[in-house]
Each structure stands twice: as C-alpha cells, then as structure tokens.
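**Student:** Give the three-dimensional model of this entry:
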Amino acid sequence: MITSKTIANGIVRAVLILAVIFLALLFIYKIKLLFIYLFIALIVSLIASPVIHFFERRLKFKHTLAVITTLAFFLLLLIGFIMLFVPLIITQSHNLSLLDTAQLQQDLNSVVMQVKSYFSDYNIDTSKLMKEADITSSINFTFIPNFINSLVGILSGFGVGLASVLFITFFFLKDTELFTKSFRKILPDEHEEKILHSIRKVNHLLSRYFIGLILQMSILFVMYLIVLLIFGVENAFIIAFITALLNIIPYIGPLIATVLVIVLTMLGHIGPEAQGEMLSTTIYVLIGYSLAQVIDNNVSTPLIFSNSVNSHPLEIFIVILGSGFVFGILGMIIAVPMYTIIKVVAKEFFPQNPIVKVLTKDL
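**Tutor:** Down below sits the predicted model:
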C-alpha cells in the first residue's frame, strides 16, 4: 500500500533529480566555450592526421616532432591568412576617410529615378511604391564604418581561443595511442568492438566531409575571384578568400558573404573619380555572387556532401535547418558532423530498426 510518506519521498527524489539535471545543464551552458574548443580541436586533429602520417612515413619524423611540425605548419597558414587582412584593413581605412555620403546619396537617387523612368515607359507606376518604401531616406551609410569596427573587435578576441585549441589539439594528436588504450579499458566488453568500429567509421566519414568542405570552398573561391577580377574590385584575392571561407556556415554564410562583398566593393570605389561607378559595380558584383551561389547550392553542395557523408541532400537540408532553429549558427555548423555520428552509432547498435535501415542504407 502506498503511504503518504512514500509519495512525499518520491516527490522529493524527483525534485532532487530535476535540480541535479538543471544544475548540470547550467554548468554545461556556462562552459560551452570549452566544448566549442574541444570540437574545433577534434576537427583540426582529423585534418592534421594525414599530414602527420606523411611526416612519419615519408620523412621518418618522430611522432612528437611530426605533431609539432604539423601544428606549426597550420599556425603559419593561419598567420598568413590573418596577414592578408592587413592590406585590406589599411586600404579600407583610407577609403573611409574619402567617403562622400552626400554624393553617394545623390548617385542612389539618380539610380532610383532611372529605374522609375524605365518602368514608366511600360505603364508601371512606381511613384507610390517608392514613396511608401522611402528607400533613399531609409538607407543609412554609417553602417559601413560600424561593420568594420565590429569585425576588428571580433578578430581582437581571437587569441585566447586559438591558444586553447592549439593546446588541446597538440595532446589529441600526441597522445592518440594513450587515449585509445585508456578508452578501451572503460568500454564494456560486450560492446567494445561495436564502439571501436563506430569510431573508425565516423573518423573516415568526417575526414571525407571536411575534405569535401574544403573542395566546396575552393570552388566558390575560384568563382568569386573571377567575378571580382572581371569588375576590377580592389583586394580581389583576399575578399574572395574571406567570402568563400564564410560558406562554412550553411545557408547563413553565403548571406553574410554577400553583405560583406557589397560593403567592401563600395568601399573600394570611394573617391572623386571612382564613386560614380560605385553603385553599378556593386550591383554587377552582387549579380555575379548570386550566380556563383546558385551554382554552389544546386550543383556543388549536393554532389560533394551527399557523396562525402553518404546522405541524401534533403536529409542534409532538414538536419541543418532543424539544428539551426534549435542551436543557432553554431548548430548549423556542427549539424552534418553530429548527424553523421548519430547515424553511424545507430547503424552499429540498432541495425534492425526500420527507420535506421532507411537512413543508413548507404553507410
């Protein structure tokens, strides 16, 4: 018979469990940066492993020396990438001092009047639409220096994260065998082979995924660079590189890249002689970038990612979108790797489940 004391004890136990769960989730939220660093370090480790194996097998390096050399090589690449920003920042800072917002406003008004005249020739009255939208007065060009200042602020806080990721990555790579042996000891014997096989499969698929991601960004970089060179945009190489790199954020990255290239293209045409061409060149570059993104979204991305992680493009789209709704931009970035891990584990432990069978038939 259930007594009031038993019910009270059950309520207290449930409250305590909920409190512990809440505190655990709160603790995880407070140290979320640590999990981000661990995740980035894991990605760098996956990318660095083939390079380390090359140094060990071909150049006969000791394991620790190979790890140090590989990380030094990656660090030099990162420093080279950051140094590419220096001429860009210097150029755009100089251009900002030459910005004539009044003339820019006049140019925009001129373009609006030309568009209005064009549509009126086809008996399309745009006066009311223009008046209601109030386009020319609603655009505030002071967002340009504010955007640049925000970008510099983000870059200035990059140091602690970089040092943390390098430190964690070093020990991930250096003590791989030690971690593997220690991990084997805590695995239950009946599931040891399944877990180890899952880890090997995940490692293989994620390596293919990140190689595919690099290939996708390389294709975008070439297309962006061609567009920028055709229209004579200053610092075309670094702008193409940065905007292609932003594609690591699915769906949102291309939008950020488009805004960034618009800003930098406009800044590159500031001055008494070039400012008249600012709007037309920016529009042409915007069209070129849009075409490149259409090609990437409909050709490159589905082919590369569906083959690299053996998932249907619709699966990828739904997973990225759902993860973005729940966890934001970070969720969109890690959506495909996490989904791949879940699929591999599900196939290994629940191979007879009908849903798992359908989702993992190509793994």
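
**Student:** Show me what the helix or strand Leu215 falls within is packed against.
**Tutor:** Assigned by DSSP states H and E, Leu215 falls within helix 192-230. Packing partners of helix 192-230 (3 or more C-beta pairs under 8 Å, 6 or more residues apart in numbering; DSSP states H and E): helix 32-57, helix 236-245, helix 278-295, helix 301-308, helix 313-349. Bear in mind the C-beta positions are built from the backbone N, C-alpha and C, glycine included.

**Student:** 10 Å - rerun?
**Tutor:** The elements that helix 192-230 packs onto, with contact taken as 3 or more C-beta pairs under 10 Å, 6 or more residues apart in numbering; DSSP states H and E, are helix 32-57, helix 176-186, helix 236-245, helix 252-267, helix 278-295, helix 301-308, helix 313-349.

**Student:** how about those, which one is nearest Leu213?
**Tutor:** helix 301-308 (7.9 Å; C-beta to C-beta).

**Student:** What mean pLDDT does the closest one get?
**Tutor:** Mean pLDDT, computed over helix 301-308, is 71.

**Student:** and that helix, C-alpha only, in PDB?
**Tutor:** Listed next in PDB are the C-alpha coordinates belonging to helix 301-308 (Å, rounded to 0.1, in the frame of the first residue of the first chain):
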ATOM      1  CA  THR A 301      27.000  21.300 -52.400                       C
ATOM      2  CA  PRO A 302      24.500  18.400 -53.100                       C
ATOM      3  CA  LEU A 303      27.100  16.400 -55.000                       C
ATOM      4  CA  ILE A 304      30.000  16.900 -52.600                       C
ATOM      5  CA  PHE A 305      28.200  16.500 -49.300                       C
ATOM      6  CA  SER A 306      25.900  13.700 -50.300                       C
ATOM      7  CA  ASN A 307      28.900  11.700 -51.500                       C
ATOM      8  CA  SER A 308      31.200  12.600 -48.600                       C
END
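
**Student:** So which bits of that helix are buried?
**Tutor:** Using 16 or more other C-beta atoms under 10 Å as the test for burial, helix 301-308 gives Thr301, Pro302, Ile304, Phe305, Ser306, Ser308.

**Student:** shaky segments in this structure?
**Tutor:** 1-5, 85-112, 114-159, 183, 187, 268-278, 302, 362-363 (pLDDT under 70).

**Student:** Show me the domain layout of it.
**Tutor:** As assigned by automatic domain parsing, the chain contains the domains 7-99+141-171, 100-133, 179-363.

**Student:** how about stretch 27-34: buried residues?
**Tutor:** So, applying 16+ other C-beta under 10 Å, stretch 27-34 has no buried residues.

**Student:** actually stretch 234-248, sorry about that
**Tutor:** Glu234, Asn235, Ala236, Ile238, Ile239, Ala240, Phe241, Ile242, Thr243, Ala244, Leu246, Asn247.

**Student:** Could you pull up the residues touching Gly212?
**Tutor:** Ser300, Thr301, Leu303, Ile304, Phe305, Ser306, Asn307, Ser308, Val309, Val336 (C-beta atoms under 10 Å, 6 or more residues apart in numbering).

**Student:** okay if I get the residues you listed as JSON lines plus distance to Phe327?
**Tutor:** Putting the contacts of Gly212 into JSON lines (distance: C-beta to C-beta, whole Å) gives the following:
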{"residue": "Ser300", "distance to Phe327": "25"}
{"residue": "Thr301", "distance to Phe327": "21"}
{"residue": "Leu303", "distance to Phe327": "27"}
{"residue": "Ile304", "distance to Phe327": "23"}
{"residue": "Phe305", "distance to Phe327": "19"}
{"residue": "Ser306", "distance to Phe327": "23"}
{"residue": "Asn307", "distance to Phe327": "26"}
{"residue": "Ser308", "distance to Phe327": "22"}
{"residue": "Val309", "distance to Phe327": "19"}
{"residue": "Val336", "distance to Phe327": "13"}
